[in-house]
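Enquirer: How does the following fold in three dimensions:
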Amino acid sequence: MKKHSWLYAFLLASPLVQAQSNSYWQQQVDYKMNVVMDAAKYRYQGHQELVYTNHSPDTLKRVFYHLYNNAFQPGSEMDARLQAIADPDRRMVKKVKVDGKEIKQSRIAQLKADEIGYLKIANFKQDGVAAVAKEVGTILEVTLAKPILPNSSTVLSLDFDGQVPVQIRRSGRNNIEGVEFSMAQWYPKMAEFDFEGWHADPYIAREFHGVWGNFDVNITIDKDYILGGSGLLVNKNEIGKGYQDAGITVTYPKKTKTLTWHFNAQNVHDFTWAADKNYLHDIQQVPGGATIHFLYKNNPKIIDNWKKAELETVKLMQFYNQTIGKYPYDQYSVIQGGDGGMEYAMCTLILGEGTYDGLIGVIGHEMAHSWFQHVLASNESKHSWMDEGFTSFLEDLGMNEIAEKKAANPHAGSYDSYYFMVNSGKEQPQSTHSDRYDYNQVYSINAYSKGDIFLSQLGYLIGRDNLMKTLKRYYSEFKFKHPTPNDIKRTAERVSGANLDWYLTDWTQTTNTIDYGIKTIESATDNVPRTGVTLERIGRMPMPLDILVEYTDGSRECFYIPLRMMSFEKDNPDASVKRTVLPDWAWAYPTYFFEIPKAQSSIQKITIDPSGLMADVKRDNNQYPKPEPVKK
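Expert: So this is what the prediction gives:
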């Protein structure tokens, strides 16, 4: 080792071997697409030309595209995963009885040739020169005609032939509520290349990661269809259908059979649309903000719910604007379609039937994604908790804001789901790739609920005011970028001054749990009115502690134990209650002793974390005296 020490010193100092560049960069892609729909046959043909700009320090010899439609074919990776996972998505299977036993069969496996989805690519060129393009499942691998040098651009063009699959997951035709076309993940989409390399993940029904850019899209379709989706309708006064300016009457020549809808979406990383001949189209204006379009089936059973939801949607967008930062686009569309609810650039596709509470709840969640994913574009495949979890956090706050009865902890449902997962013994770290979970249920709880708690519990650590400042600063500094877990952590550190690397590590990269308990209560033996309390850390994950002491005379007092590795003391969360800041508690010590300056006989109750915002997995040992067991 010693005789090579000079070499190691050189390598460590050399900028050529640094793990990551100090400067941030991201790729750019600008699409132009012309698409002609044959609605009767559920097929479409298109030509795509894009300008790809390589802002990376790498020379690119290959590029990759996503061909999502190819997942909807018997034998695809999505089909195989659906048949192998223990708890398949109920929307993607059908229940049948075999030898008297109920089993779940993949709906994809049953698709016929005219029901499958596909994207077939032809005539691929780079700057007018043919390049080699090979379809590998849901990925198109392209060997370029010439390398793309750093800080240079190239023009990539192709023709594509697509078939819209029977609606099974997100995209497709004739969904369960009769919507004719839900056109999500429908075009050849450039894969993301960033500081980690290419993200050419196969599509097996999870989330996405896309390249920032602009879309100029022309869609030619039968004139009777009404469309909604990403972007602004450039030729709205030629199309009409409720999009035209006030006072404009739109008519078509008698021989008109098709219309060409021209959409333009700037600074987004996806493009989605839906079409139906029976859509109603309403518009609401957010004061000082975006125009919201509502497109839903002309079904008398749902019209009242949709009309009622429109004004509440405006209120939610106003709240999201105030809480995180202003929605940066001029329009947002809420569209009946898809198979549940899914976020897309400047729009969502949702199911439109069912209860009003269900409808506004889905709208509240999917629209919140416009901040956490479609402006703050984290890698959903690798860090689903930053997408679904942060969205759930904002949704919880928004739904509580418009609710008649306010909840003390609007995130309580997420805590309950997290505890269920921990007790199931099936938990996997949040750092697990979204495609690699053993159970869909564990993925969902990790992404939505545990991700929600990441922020809620962060508020417990650094204080609610610091949390909300963190979210606004995070949005301001990382909008239209691809933030990573470290970015939200560092933003919280910059706002609060706390050290939080331990929190990001334990919560997202391990299955370590929080479990603190009151071990013993001892009265003083020298007739001095004081009570000794010994606490114990049982779980691996450390936390600072808020402790509430309630006395028999009705008074209350708080004690705060900082966590040494945080190097931080948060402000008193309840100024109406006296608080004493105790010496810090270092993680390595399993127990902690402090004294209450009153006799034990005067103590009615002691509670660790009275707010319930610390996700302690065994709360029955957080109280003295211990609570009575719940009778079942």
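Enquirer: And the residue nearest the centre of this protein?
Expert: residue 387 (2.2 Å; Cα atoms, centre = their mean).
Enquirer: That one touches residue 372, doesn't it?
Expert: Yes: checked against Cβ atoms under 8 Å, the pair residue 387 and residue 372 is within contact range at 5.9 Å. (Each C-beta comes from the backbone N, C-alpha and C, glycine too.)
Enquirer: Poorly predicted segments of the stretch 101-250 of the chain, please.
Expert: Counting by pLDDT under 70, the stretch 101-250 of the chain contains no low-confidence residues.
Enquirer: Check the chain too.
Expert: Short version for the chain, where the test is pLDDT under 70: 1-22, 629-632.
Enquirer: which residues of it fall in helices?
Expert: 5-13, 77-84, 236-239, 303-323, 356-368, 384, 390-402, 412-424, 440-444, 451-462, 464-478, 485-496, 501-509 (DSSP state H).
Enquirer: If you count neighbours, what's buried in the second one?
Expert: For helix 77-84, the neighbour count (16 or more other Cβ atoms under 10 Å) marks 77, 78, 79, 81, 82 as buried.
Enquirer: May I see the residues you listed organised as JSON lines, with distance to residue 125 added?
Expert: Output for these, formatted as JSON lines (distance: Cβ to Cβ, whole Å):
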{"residue": "77", "distance to residue 125": "28"}
{"residue": "78", "distance to residue 125": "30"}
{"residue": "79", "distance to residue 125": "32"}
{"residue": "81", "distance to residue 125": "34"}
{"residue": "82", "distance to residue 125": "36"}
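Enquirer: Which one of those residues is nearest to residue 453?
Expert: When those are ranked by distance to residue 453 (Cβ to Cβ), residue 81 comes first, at 27.5 Å.
Enquirer: Give me the distance between that closest one and residue 383.
Expert: Applying Cβ to Cβ, to the nearest Å, the value for residue 81 to residue 383 is 20 Å.
Enquirer: Over to residue 239?
Expert: Residue 239 is 39 Å from residue 383, by Cβ to Cβ.
Enquirer: In terms of neighbours, single out the busier of the two.
Expert: residue 383 (24 against 20; other Cβ atoms under 10 Å).
Enquirer: Pull the contacting residues for the more buried one.
Expert: Counting by Cβ atoms under 8 Å, 6 or more residues apart in numbering, residue 383 touches 430, 484, 485.
Enquirer: Most neighbours among these, please name it.
Expert: residue 430 (23 neighbours).
Enquirer: contacting residues for the spatially closest residue to it that is not a sequence neighbour?
Expert: Counting by Cβ to Cβ, 6 or more residues apart in numbering, the nearest residue to residue 430 once its immediate chain neighbours are dropped is residue 508, at 4.3 Å. By Cβ under 8 Å, 6+ apart, residue 508 lies in contact with 385, 429, 430, 431, 454, 485.
Enquirer: And those, which is closest to residue 409?
Expert: residue 454 (15.1 Å).
Enquirer: how many neighbours does that closest one have?
Expert: Per other Cβ under 10 Å, the neighbour tally for residue 454 reads 24.
Enquirer: Roughly how far does it sit from residue 567?
Expert: 21 Å.
Enquirer: Residue 412 now?
Expert: Look at residue 412 and residue 567: by Cβ to Cβ, they are 31 Å apart.
Enquirer: These two: which is more packed in?
Expert: residue 412 (14 against 11).
Enquirer: quick revisit: common neighbours of residue 387 and residue 372, please.
Expert: In contact with both residue 387 and residue 372: residue 378, using Cβ under 8 Å, 6+ apart.
Enquirer: Residue 259 is in contact with residue 223, correct?
Expert: Yes: in this structure, residue 223 is within contact of residue 259 by Cβ under 8 Å, at 4.8 Å.
Enquirer: neighbour count winner among those two?
Expert: Between residue 223 and residue 259, counting by other Cβ under 10 Å, residue 259 is the more crowded of the two (20 against 14).
Enquirer: and that one, what are its bridge partners?
Expert: Using DSSP bridges, the bridge partners assigned to residue 259 are residue 221.
Enquirer: want to throw the helices of the chain into CSV with distance to residue 204?
Expert: Formatted as CSV, the helices of the chain follow (distance: least, Cβ to Cβ, whole Å):
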stretch, distance to residue 204
helix 5-13, 39
helix 77-84, 5
helix 236-239, 37
helix 303-323, 31
helix 356-368, 22
helix 384, 14
helix 390-402, 22
helix 412-424, 22
helix 440-444, 11
helix 451-462, 21
helix 464-478, 28
helix 485-496, 23
helix 501-509, 22
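Enquirer: Relative to residue 421, how far out is the residue nearest to residue 430?
Expert: Counting by Cβ to Cβ - residue 508 and residue 421 are separated by 14 Å.
Enquirer: cool, residue 93 as well?
Expert: Distance from residue 93 to residue 421, by Cβ to Cβ: 23 Å.
Enquirer: cool, and residue 552?
Expert: 39 Å.
Enquirer: Comparing those two, which shows the higher neighbour count?
Expert: Neighbours per residue, other Cβ under 10 Å: of residue 552 and residue 421, the larger number sits with residue 421, 21 against 11.
Enquirer: just checking, residue 477 touches residue 494?
Expert: No: between residue 477 and residue 494 there is no contact under Cβ under 8 Å: 9.3 Å.
Enquirer: Pull the contacting residues for residue 470.
Expert: Counting by Cβ under 8 Å, 6+ apart, residue 470 has contacts 458, 462, 488, 491, 492, 495, 496.
Enquirer: So residue 429 sits against residue 506, correct?
Expert: No: at 10.0 Å, residue 429 and residue 506 do not qualify as touching, with contact defined as Cβ under 8 Å.
Enquirer: Between the two, point out the one with more neighbours.
Expert: Using other Cβ under 10 Å, the more surrounded residue of residue 429 and residue 506 is residue 506, with 19 against 13.
Enquirer: didn't the more buried one look like it was pressed against residue 540?
Expert: Yes: the criterion here is Cβ under 8 Å, and residue 506 meets it with residue 540 at 7.3 Å.
Enquirer: Residues that sit against both of these two, list them.
Expert: Each of residue 512 lies in contact with both residue 506 and residue 540 under the rule Cβ under 8 Å, 6+ apart.
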